[in-house]
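>>> heads up, no residue letters with this:
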């Protein structure tokens, strides 16, 4: 197994003297991986352990085992404790998702801090098979049936060539210490049910099912890479960027024979799952203003396009106020700059999203107009309308940001001082 491990690892990485952060939980898979690294030519290694504080004293015993093993083998050891349950509740995500995010975030932070090349995790062939089956059930397209990749950025998985039986046999032969997570036997957890009930049934049909799924996964990963290239071409043809929005040309999409397939491939990175693809296809024929949402993005139907925008863009933009002598001042058309009569303003100014009932006197008009009606008149699309900010001076709206100032605050021949307000989305703009 040692030789197969080294051959497999050397085929994945370019730098033969590479440095590795080893993610070691204390379970049999990661303890065997750590043992194999110790016996390999790759000597620049450190041990990382995440204590998710989910199993009380058992979590602490896992930490103690890994710490002791690292000390015995004189390997640098790093541990981090997480309030995983609290994080999951705060972000409204599952414990599994929370743990995954927290550990990989820490791994990457530590990798950069230490200047290491790789993060090694101990997923094996059975993990690959279980993940593939889970993804087939949940629906995740070709990405899901590819299973787990051996190499993903700076994350390397050198144990994918071994099945669970091989790892267990090697651990017992080499007397490698490990701890068993009792939750692995709980059948109410979907992955455990697949592990203990589904895969054994499949093995009755084909005893090599785990290895076969791994082989299929390698071929499918190559197919996925080809598909990504084609998806990029399709995106270039169908889409254009407009600020924070990605716009999809409806007429071009309607001409394609495989609309559902391509829309899934294009929108999956933005949180849209297979279950919502029919809604998205229907959106192409829906009325203006309809929308479909993922956990992170909103897809709006406009007249000629679908507009994809991120959900969390409710932080108001920054703005600066600079005062100028009116003599010689020239107003330059710019959606991010407004020139107002400084003497008519009362500081501080404030900026907020517009709301129903807001009104102002658009530049060039004599009477008040509702902001909602104004936005319709200037044909602001729905996705922009919901993100429209207004600059306020007390109760007055002095600027519908990027669109029109209020006529009462315009610069005239009688203006002595000009207040130049500049909008920026962040402090660096």
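Yep, it's here. This is a predicted model, so every value here is computed, not measured.
>>> hang on, residue 405 packs against residue 398?
Yes. Contact status for residue 405 versus residue 398: in contact at 6.4 Å, counting by CB atoms under 8 Å. In short, each C-beta sits where N, CA and C put it, glycine included.
>>> now the common contact residues for the two.
338, 340 (CB atoms under 8 Å, 6 or more residues apart in numbering).
>>> let me see the contact set for residue 195.
With CB under 8 Å, 6+ apart as the criterion, the residues that contact residue 195 are 126, 130, 184.
>>> can you say which of these are buried?
126, 130 (16 or more other CB atoms under 10 Å).
>>> which one of the contacts of residue 195 is nearest to residue 87?
residue 184 (22.2 Å; CB to CB).
>>> doesn't residue 130 make contact with the closest one?
No. The criterion here is CB under 8 Å, and residue 184 misses it with residue 130 at 11.5 Å.
>>> quick one, phi psi at residue 322?
As for residue 322, its main-chain torsions (degrees, to the nearest 10) stand at phi -120, psi 130.
>>> and it, how many residues sit next to it?
11 (other CB atoms under 10 Å).
>>> likewise residue 233?
There are 9 residues near residue 233, going by other CB under 10 Å.
>>> can you offset everything so residue one is 42?
With the count now opening at 42, the last piece we talked about shows up as residue 274.
>>> so it is in which element?
Using DSSP states H and E, residue 274 sits within helix 250-279.
>>> can you give me the buried ones in that helix?
250-251, 254-255, 257-258, 261-262, 265, 268, 272, 275, 279.
>>> quick one: contacts for residue 350?
285, 286, 287, 338, 339, 341, 424, 428.
>>> beta partners of the residue lying closest to residue 317 once chain neighbours are set aside?
Spatially, and ignoring its direct neighbours in sequence, residue 317 is nearest to residue 333 (6.1 Å; CB to CB, 6 or more residues apart in numbering). In this entry, residue 333 is beta-bridged to residue 340, by DSSP bridges.
>>> tell me the contacts of residue 184?
Listed by CB under 8 Å, 6+ apart, the contact set of residue 184 reads 176, 265, 309.
>>> go ahead and confirm the last one touches residue 180.
No. When contacts are counted by CB under 8 Å, residue 309 is not listed as touching residue 180 (10.4 Å).
>>> quick one: which of those two has more around it?
Between residue 309 and residue 180, counting by other CB under 10 Å, residue 309 is the more crowded of the two (19 against 13).
>>> ok, and the closest non-adjacent residue to that one?
Nearest to residue 309 is residue 182, by CB to CB, 6+ apart, at 6.4 Å.
>>> what of residue 307?
Counting by CB to CB, 6+ apart, the residue nearest residue 307 is residue 276, at 5.9 Å.
>>> mind checking how far that neighbour is from residue 67?
43 Å (CB to CB, to the nearest Å).
>>> ok, residue 333 next?
Residue 333 is 43 Å from residue 67, where distance means CB to CB.
>>> quick one, which of these two is more surrounded?
residue 67 (24 against 21).
>>> surely the more buried one meets residue 163?
No. With contact defined as CB under 8 Å, residue 67 and residue 163 do not form a contacting pair (10.9 Å).
>>> which stretches of the stretch 242-391 of the chain have low pLDDT?
The stretch 242-391 of the chain contains residues with pLDDT under 70 at 353-355.
>>> which stretches in it count as helices?
250-279, 291-295, 300-308, 318-324 (DSSP state H, counting those that start in this stretch).
>>> assign residue 393 to helix, strand or coil.
For residue 393, the assignment made with DSSP: H, G, I helix; E, B strand; the rest coil gives strand.
>>> make TSV from the contacts of residue 184 and add distance to residue 369 to it.
As requested, the contacts of residue 184 are exported to TSV (distance: CB to CB, whole Å):
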residue	distance to residue 369
176	66
265	61
309	55
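>>> can you give me the domain assignment for this protein?
Annotated domains of the chain cover 43-262, 284-351, 359-465 [automatic domain parsing].
>>> ends of the shortest one, what's the gap?
Read that as domain 284-351. Using CA to CA, to the nearest Å, the end-to-end distance of domain 284-351 comes to 11 Å.
>>> for the longest one, same thing?
Its start and end residues considered, domain 43-262 measures 26 Å (CA to CA).
>>> how far is it from where the chain is centred?
Counting by CA atoms, centre = their mean, to the nearest Å, domain 43-262 is centred 21 Å from the centre of its parent chain.
>>> how about the shortest one?
On the basis of CA atoms, centre = their mean, domain 284-351 sits 18 Å off its chain's mean C-alpha point.
>>> and for the last one?
From the chain centre to the centre of domain 359-465 is a distance of 35 Å (CA atoms, centre = their mean).
>>> what does stretch 345-365 give?
Counting by CA atoms, centre = their mean, stretch 345-365 comes out at 21 Å from the chain centroid.
>>> show residues contacting stretch 407-416.
Residues from elsewhere that reach stretch 407-416 (CB under 8 Å, 6+ apart): 395, 397-403, 426, 429, 431, 438, 441, 444-445, 448.
>>> from those residues, which ones fall inside helices?
Among these, the members found in helices (DSSP state H) are residue 426.
>>> what about the contacts of stretch 407-416, which are in strands?
Among the contacts of stretch 407-416, the members falling in strands (DSSP state E) are 400, 401, 431, 438, 441, 445.
>>> ok, those residues vs residue 244, which is closest?
residue 431 (64.4 Å).
>>> tell me how many other residues crowd the closest one.
21.
>>> quickly list what it is bridged to.
Here residue 431, judged by DSSP bridges, has bridge partners residue 393, residue 441.
>>> that one reaches residue 442, doesn't it?
Yes. With contact defined as CB under 8 Å, residue 431 and residue 442 form a contacting pair (6.4 Å).
>>> now do the shared contacts for the two.
In contact with both residue 431 and residue 442: residue 392, using CB under 8 Å, 6+ apart.
>>> from residue 435, how far off is residue 219?
Taken as CB to CB, the span from residue 219 to residue 435 is 68 Å.
>>> what does residue 255 give?
Per CB to CB, residue 255 is found 67 Å from residue 435.
>>> likewise for residue 79?
For residue 79, the distance to residue 435 (CB to CB) stands at 70 Å.
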